[in-house]
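1. Quick one: sequence and predicted model below, then my questions.
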Amino acid sequence: MLRIVLLRHGQTAWNHEGKNQGSEDIELDDIGRRQSEQTADRLGAYDWSAVYSSPLRRARETAEIVLRGRSIPIQLDDRLRERSYGAWEGKTAQEIGPAYEEYRRDRVLYRPPGGETGLEVFMRATAFLHDLLKDGAGDVLVVSHGGTTAALIAVLLHGSPATAATLRLANCSLTEILITEDGRRVLSAFNDVSHLNPQPIPVVSHETAPTR
C-alpha cells in the first residue's frame with residue numbers, strides 16, 4: 001500500500017496580509033514555524049520512504065522543521081512549486097482590481113499577466129504523481145502550496161482542474177490518501193488541522209485571501 005501525505009506549508013507574513021505569493025520565495029513567519037513544529041509532533045511516528053518538497057523557501061523550511069532530527073533527505077521538485085501569478089504577486093485581490101473577478105470566474109484557464117493557468121499547474125501535478133506512483137509502496141510526504149496541493153488531490157482522486165479550483169487548504173493542513181494494492185484511492189484525511197493550536201481560520205474564498 002502507498003500512503004501519500006500532502007502538507008501545505010506553514011503561514012507566511014504574506015499569507016497573513018492577504019498578498020498573492022505565487023512563485024515569490026517567501027519565508028515562514030513565527031506562526032508558520034510554530035505550525036510546522038506542531039506538524040512535526042503529529043507526523044513523528046511516520047516511517048517515511050520518501051519526502052518531496054517544492055523548492056520555494058516556505059515549503060522547504062516547513063519540510064525541514066517537520067523532519068527535525070531525522071536523517072531523511074528532502075527531494076526538491078520544481079513541479080511542486082506554487083502557481084505563478086506573474087505581475088499579481090505581492091498584491092491583494094483589492095489591489096489587483098477588476099481583473100481578479102475575471103480570474104475568479106475561471107481559475108482553470110485564466111492566465112494572470114506573466115503567470116500560469118490552473119490547467120498548467122494541474123498538468124505539473126499529474127507529471128509529478130505519474131513518476132511518484134511508479135515506486136508503489138510506503139509512506140510518502142509531499143510538502144507544497146495551496147494551489148498545487150489542491151491539484152495533487154484532484155489528480156489522485158481522478159478529478160479535474162475544475163475540481164482542484166474548488167479546494168481550499170489551510171496552512172500546515174494535512175491531506176492523506178491511501179492507494180491500496182488493488183488500485184483503490186481512499187481519502188483518509190482532508191485539510192486536517194487538528195494538530196495545530198490555535199487552529200488557523202479556514203480560507204473560504206480568494207476574495208479574502210488570494211495567497212498560496
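-> Looks like it arrived, so ask away.
2. residue closest to the middle of the chain?
-> Taking Cα atoms, centre = their mean, the centroid of the chain lies closest to residue 145, which sits 2.7 Å from it.
3. how far away is it from residue 125?
-> Distance, residue 145 to residue 125, using Cβ to Cβ, to the nearest Å: 11 Å. From N, CA and C alone the C-beta is placed, and that goes for glycine too.
4. The residue nearest to the centre of the chain: what's it in contact with?
-> 8-9, 21, 54, 56, 58-59, 80-83, 212 (Cβ atoms under 8 Å, 6 or more residues apart in numbering).
5. For this protein, give me the ranges with low pLDDT.
-> Residue ranges of the chain with pLDDT under 70: 201-212.
6. show me where it has helices.
-> For the chain, applying DSSP state H gives helices covering 13-17, 30-43, 57-66, 93-96, 98-105, 118-132, 146-156, 161-166.
7. what about those helices, which gets the closest to residue 197?
-> Set against residue 197 and scored by Cβ to Cβ, these come closest in helix 30-43, at 6.6 Å.
8. okay, the angle between the closest one and helix 57-66?
-> If you take axes from the mean of the first three to the mean of the last three Cα atoms, to 10 degrees, helix 30-43 sits at 40 degrees to helix 57-66.
9. and helix 30-43, which residues are buried?
-> By 16 or more other Cβ atoms under 10 Å, the buried positions in helix 30-43 come out as 31-36, 38-40, 42-43.
10. could you dump the residues you listed to a markdown table with distance to residue 66?
-> Converted to a markdown table, these look like this (distance: Cβ to Cβ, whole Å):
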| residue | distance to residue 66 |
| --- | --- |
| 31 | 16 |
| 32 | 12 |
| 33 | 11 |
| 34 | 13 |
| 35 | 10 |
| 36 | 6 |
| 38 | 10 |
| 39 | 5 |
| 40 | 5 |
| 42 | 9 |
| 43 | 6 |
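11. And the residues you listed, which is closest to residue 90?
-> residue 32 (17.7 Å).
12. which residues touch the closest one?
-> With contacts taken as Cβ under 8 Å, 6+ apart, residue 32 has the following neighbours: 9-12, 15, 58, 61-62, 171-172.
13. coming back round to it: what's the most buried one of the helices of the chain?
-> helix 146-156 (a mean of 26; mean count of other Cβ atoms under 10 Å).
14. which secondary structure elements does it contact?
-> Identification of packing neighbours for helix 146-156 by 3 or more Cβ pairs under 8 Å, 6 or more residues apart in numbering; DSSP states H and E yields strand 2-8, helix 118-132, strand 138-144, helix 161-166, strand 174-179.
15. what's residue 128 in contact with, if anything?
-> Counted by Cβ under 8 Å, 6+ apart, residue 128 has contacts 52, 77, 79-80, 152.
16. between the residues you listed, which is nearest residue 105?
-> residue 152 (23.8 Å).
17. Was I right to think residue 129 contacts residue 156?
-> Yes - under the criterion of Cβ atoms under 8 Å, residue 129 is in contact with residue 156, at a separation of 6.5 Å.
18. residue farthest from the centroid of the protein?
-> residue 182 (27.0 Å).
19. Could I get the phi/psi values of the nearest residue in space to residue 32 that is not next to it in sequence?
-> Distances taken as Cβ to Cβ, 6 or more residues apart in numbering put residue 10 closest to residue 32, at 3.0 Å, once the chain neighbours are dropped. Note on residue 10: its backbone torsions stand at phi -70, psi 170 [degrees, to the nearest 10].
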